[in-house]
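**Student:** Quick one, what's the 3D model for this:
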Amino acid sequence: MNKNIFYLIMIVFFLPYGCKNKSIKNDPEETTSIKFDIQRELKSIHDIGLIKDVEIINLDCEEVIIGNIDEVIKFDTIIYLMDKTQNMSIYIFNLDGDLIHSISNYGNGPREYIQLTDMFVDPADSSFNIVSRVDKKLFKYDLRGEELRAIEKNPKSFTSMRKMDEGYLAYMGNYSEDRTKPYNLWLLNENLKTVDHYFEIDKIWEGQYSTDGAVFSVYRNMYYYITPRNYNIYLVENNKMTTKYNFNFGKLSLPKINETDVVNEKRLFELKNEYIYRFYNFQETENYLIVKLLHKGQYLLGVYNKNNKQANIVTLDPYEGKYFFSFGNIIGFDEKTIYTIIDAAEIKRFWDGKDQYNNFEEKYPLQIDHLRKRFKTIREDGNPFLVMYTLN
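**Tutor:** From the prediction side, this is the model:
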């Protein structure tokens, strides 16, 4: 066979495979591999030196009734809370728990959104941004959410976006939309024009979008991305994609899933229960790498200490420091904080000091006293409480 023809055949053969994860560098020397010992007994999150302090904020107010809280951002002294599944609204509070403003513009009008899916702050222009997927809109508000500065048109129906120095990161959420370019991750320039794309959407997961967790995270102006179905952490830098970290869970690592598994609800439930099915969040901090995961119906954290190189899977046990209450439902991370939500009725149980099964005050007298001093009254049917765990 002619050598030129042979090389041409080889190029054509391998081309589709190279395009699936375009421009991703998988250099072992640039990837930190982290192994979790699944034989070790699980530790409590409070026994590994991760949490330094805690603050709790009562979000109860007369102006709004909050439904679900699916996402949180803290920027300076402002807290943004998104309810994208029930009330389809955004609530903006200060650190004292006072409502600054709420955005509730669901509808088909020119200044309204159809499907809230994400939010982010752009410090460069001091704007608060809201992503609406179905209508491909990007709303740009002032930081207090009171002035709508602009409505930009996204090139695709993105579910998540983040602003970088050189443009935007955007995620499709397993909706291919364009069959000729069925990619999940897109890089955009400052004008929202597409620059590059990565991670071809697997046909067996087409249209299966999860509202839990977040695919993007930021640490010291480094932007990370997690895919729905592997344990790699990807770094996006200078319009290039690098496999920065890889987590190894040994026997708990998910085997390859085929189309038969996906349509078999019983089999899919077994896989989700037996293995580490996916990452819900990833966050790098000054001292740790943290992933939120689910195993046997229980949310856990995989925590890697960058200083002593120890990796632990930890349980989210009740907090027993300054106060006493359940750890809460994790709704977000940043490089300094874990954010959780606890229902008002749950906090009221601890504030009361006991229920029909437990006497909290007898076991945690100082913590319950601090909780009562922090909150003079608690409405059982009020808005939830936001708990902010400051990290070491």
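
**Student:** all contacts plus neighbour counts: C-alpha atoms, from now on.
**Tutor:** Noted.

**Student:** In the stretch 151-300 of the chain, where is pLDDT below threshold?
**Tutor:** Filtered on pLDDT under 70, the stretch 151-300 of the chain yields the residue ranges 207, 209.

**Student:** any chance you could map the helices in the chain?
**Tutor:** If DSSP state H is used as the criterion, the helices of the chain fall at 3-20, 259-263, 265-274, 344-352, 360-363, 365-374.

**Student:** By mean pLDDT, show me the worst of those helices.
**Tutor:** Note on these: lowest mean pLDDT is at helix 3-20, with a mean of 41.

**Student:** Stretch 334-348: which residues count as buried?
**Tutor:** 334-345, 347-348 (16 or more other C-alpha atoms under 10 Å).

**Student:** Rebuild the residues you listed as TSV, extending it with distance to Ile114.
**Tutor:** Putting the buried residues of stretch 334-348 into TSV (distance: C-alpha to C-alpha, whole Å) gives the following:
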residue	distance to Ile114
Asp334	28
Glu335	31
Lys336	33
Thr337	31
Ile338	29
Tyr339	27
Thr340	27
Ile341	26
Ile342	28
Asp343	28
Ala344	30
Ala345	32
Ile347	34
Lys348	36
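
**Student:** so of those, which ones are in strands?
**Tutor:** Counting by DSSP state E, the members of those that fall within strands are 337-342.

**Student:** Quick test: name the residue nearest the centre of this structure.
**Tutor:** Ala214 (2.5 Å; C-alpha atoms, centre = their mean).

**Student:** So for stretch 61-78, first residue to last residue, what's the gap.
**Tutor:** For stretch 61-78, the first and last residues are 16 Å from each other (C-alpha to C-alpha, to the nearest Å).

**Student:** distance between that stretch and the chain's centre?
**Tutor:** Taking C-alpha atoms, centre = their mean, to the nearest Å, one finds stretch 61-78 lying 16 Å from the centre of the chain it belongs to.

**Student:** Same question for that stretch: list its buried residues.
**Tutor:** With burial defined by 16+ other C-alpha under 10 Å, the residues of stretch 61-78 counted as buried are 66-74, 78.

**Student:** mind checking pLDDT for Ile313?
**Tutor:** Reading off the per-residue confidence, Ile313 sits at a pLDDT of 95.

**Student:** Contacts only, for it.
**Tutor:** Shown here is Ile313, whose contacts under the criterion C-alpha atoms under 8 Å, 6 or more residues apart in numbering are 36, 42-43, 300-303.

**Student:** Now flag whichever of these is closest to Asn246.
**Tutor:** Compare each of those with Asn246 using C-alpha to C-alpha and the shortest gap goes to Phe36, at 11.0 Å.

**Student:** Ramachandran coordinates for the closest one?
**Tutor:** Here the main-chain torsion angles of Phe36 (degrees, to the nearest 10) amount to phi -100, psi 130.

**Student:** Pretty sure it sits against Gly250.
**Tutor:** Yes. Distance between Phe36 and Gly250: 7.3 Å, which falls inside the contact criterion (C-alpha atoms under 8 Å).

**Student:** which of the two has more neighbours?
**Tutor:** The residue with more neighbours, out of Phe36 and Gly250 and counting by other C-alpha atoms under 10 Å, is Phe36; that gives 18 against 14.

**Student:** if I look at the more buried one, how far off is Asn307?
**Tutor:** 16 Å.

**Student:** do Asp178 as well
**Tutor:** Distance of Asp178 to Asn307, given as C-alpha to C-alpha: 44 Å.

**Student:** now do Gly328
**Tutor:** From Gly328 over to Asn307 (counting by C-alpha to C-alpha), the distance is 27 Å.

**Student:** So these two - more neighbours on which side?
**Tutor:** For Gly328 and Asn307, the more surrounded residue by other C-alpha under 10 Å is Gly328, and the numbers stand at 19 against 9.
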